[in-house]
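S.K.: Got a predicted model here, sequence first, then my questions.
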Amino acid sequence: MIYLDNAATTFPKPETVYTKMDTFYRTLGANPGRSGHKMAVAAEKEIEDTRAVVAQLFGIQDPRRLIFTFNATDAINMGIKGLLKQGDHVITTYLEHNAVSRALYKLEKRNIITVSKVNNSQDGFVDPDDIKNTIIPGTRLIVMTHVPNALGTIQPIREIGKIARENDIVFMLDAAQTAGVCELDVNAYFIDMLAFTGHKGPLGPTGTGGLFVGERVTLDSWREGGTGFEPTSLSQPEELPFKLESGTPNTVGIAGMRAGIEYVLLEGISKIRAHEQRLTDKLIQAIGNDDRFILYGTKESNKRVGILSINVEGFKPYEIGAILDQSFGIAVRPGLHCAPFAHQKMGTFPDGTVRISPGYFNTEEDIDQLIAALYKIVSERI
Ligand SMILES: Cc1ncc(COP(=O)(O)O)c(C=O)c1O
């Protein structure tokens, strides 16, 4: 099997992730921060050490402002629903994953907030000036993706973050596709909230992720419960991370995510991104000038990550996905990628595209085999 679906989740993981999780669960599988015995204390230390490692990945100065969640969706919901109040106006884009679009829509439908969606260019970029021109007196939040998962185009977040800061608006970034793949710094990019998932670029297991909550933001807790201290108080503690982290965490997952991020930091984010870009560029060069293939998003290498959406003349995306899987043993993702508005804007709704997303463990030979398979499909129409 050639796995080219790393934008859905990275596979395989570094060997250190598997061994770390196995060893951790066999030796330190106690409930962290609860019982006070040695194993519980060691489990708690693993979580706090991981918090510091994640903080390093995003340039977060105070690790306590990093909240562990179960994925990016969890983090996005926590940020959006914990922040917004009656009458707030929100700016977002058409390029969002449903994690953002649906969370906003729920509040909009209940007449709690109003939402403006900013357009994007045909090659997949939002213009910061369009964001600026959409600001109104009640705008409380700008929330958007760093890289749309259907397109792979890197958005101008520094400029947008600056606009948000100058207008005293909260800037929330969905970094689900870029954590561990692009250099990220919450201060340099004026990010007030950053949501990420552990199972993609950070190379960790599913069921992990997090939300950075900057100093300009106070969130309502979105679930209440045990935090391991002050059990007699009926109120949720105000202190971060406890305010937003009730219940037993995914300790083994967090330990695995730490191993994944440590691997990323050791290899180097720029090296990982360069590898993924090189593989995508190879594919673009091979099929980009052939009319039988339609490519979406910019072809400019430095403006994209290793995600490419294509369509093949005469085939539905799901047909290409199925043929690649069943006849060639190649895994890609056809369809709408939980981003229906992005596909509407690309003109690929409702069938979507075939998304090809190489990862760090893919090789040039994997791409050669994909290219050969695609040409065989179009020439022999199998
Ligand atoms: C841009 C973007 N945002 C959010 C998510 C949701 O991530 P998760 O499923 O890990 O919550 C994804 C997942 O594909 C994504 O690509």
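M.R.: Now that the structure is in, tell me what you want to look at. Numbering: from 1, shown residues only.

S.K.: Count the residues that sit near the nearest residue to residue 9 once chain neighbours are set aside.
M.R.: Spatial nearest neighbour of residue 9, chain neighbours left out: residue 199 (4.7 Å); criterion: C-beta to C-beta, 6 or more residues apart in numbering. Backbone N, C-alpha and C define where each C-beta goes, glycine included. The tally of other residues near residue 199 (other C-beta atoms under 10 Å) stands at 24.

S.K.: ditto for residue 7
M.R.: Using other C-beta under 10 Å, residue 7 has 28 neighbouring residues.

S.K.: Is it in contact with residue 357, as I believe?
M.R.: Yes. If you go by C-beta atoms under 8 Å, residue 7 and residue 357 touch, sitting 3.6 Å apart.

S.K.: So is the helix or strand hosting residue 140 next to the ligand?
M.R.: Element membership of residue 140 [criterion: DSSP states H and E] is strand 139-145. Yes. Against the ligand, strand 139-145 shows contacts by C-beta under 6 Å from any ligand atom at residue 145.

S.K.: Give me the buried positions along the helix or strand just after that strand.
M.R.: Tracing the chain C-terminally past strand 139-145 and defining elements by DSSP H and E, one meets helix 157-166 next. Residues 157, 159-165 are the ones in helix 157-166 that count as buried (16 or more other C-beta atoms under 10 Å).

S.K.: what do you get for stretch 362-381?
M.R.: Applying a neighbour-count criterion of 16+ other C-beta under 10 Å, one finds 362, 366-367, 369-370, 373-374, 377-378 buried in stretch 362-381.

S.K.: would you turn the residues you listed into JSON lines with pLDDT, distance to the ligand and secondary structure?
M.R.: As requested, the buried residues of stretch 362-381 are exported to JSON lines (pLDDT from 0 to 100; distance: C-beta to the nearest ligand atom, whole Å; DSSP: H, G, I helix; E, B strand; the rest coil):
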{"residue": "362", "pLDDT": "98", "distance to the ligand": "18", "secondary structure": "coil"}
{"residue": "366", "pLDDT": "98", "distance to the ligand": "21", "secondary structure": "helix"}
{"residue": "367", "pLDDT": "98", "distance to the ligand": "22", "secondary structure": "helix"}
{"residue": "369", "pLDDT": "98", "distance to the ligand": "25", "secondary structure": "helix"}
{"residue": "370", "pLDDT": "98", "distance to the ligand": "21", "secondary structure": "helix"}
{"residue": "373", "pLDDT": "98", "distance to the ligand": "24", "secondary structure": "helix"}
{"residue": "374", "pLDDT": "98", "distance to the ligand": "23", "secondary structure": "helix"}
{"residue": "377", "pLDDT": "97", "distance to the ligand": "26", "secondary structure": "helix"}
{"residue": "378", "pLDDT": "95", "distance to the ligand": "28", "secondary structure": "helix"}
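
S.K.: residues contacting residue 225?
M.R.: Neighbour list for residue 225: 246-247 [criterion: C-beta atoms under 8 Å, 6 or more residues apart in numbering].

S.K.: Could you pick out the residues of this structure near the ligand for me?
M.R.: When proximity is defined by C-beta under 6 Å from any ligand atom, the chain lies next to the ligand at 71-73, 97, 99, 145, 149, 174, 176-177, 197.

S.K.: If we use 8 Å, what do you get?
M.R.: 7-9, 70-76, 96-100, 145-149, 174, 176-177, 195, 197-200, 206, 209, 337-339 (C-beta under 8 Å from any ligand atom).

S.K.: Buried ones among these?
M.R.: Counted by 16+ other C-beta under 10 Å, the residues of the chain next to the ligand give 7-9, 70-76, 96-100, 145-149, 174, 176-177, 195, 197-200, 209, 337-339 as buried.

S.K.: Among those residues, which lie within helices?
M.R.: Applying DSSP state H to these, the entries found in helices are 72-76, 98-100.
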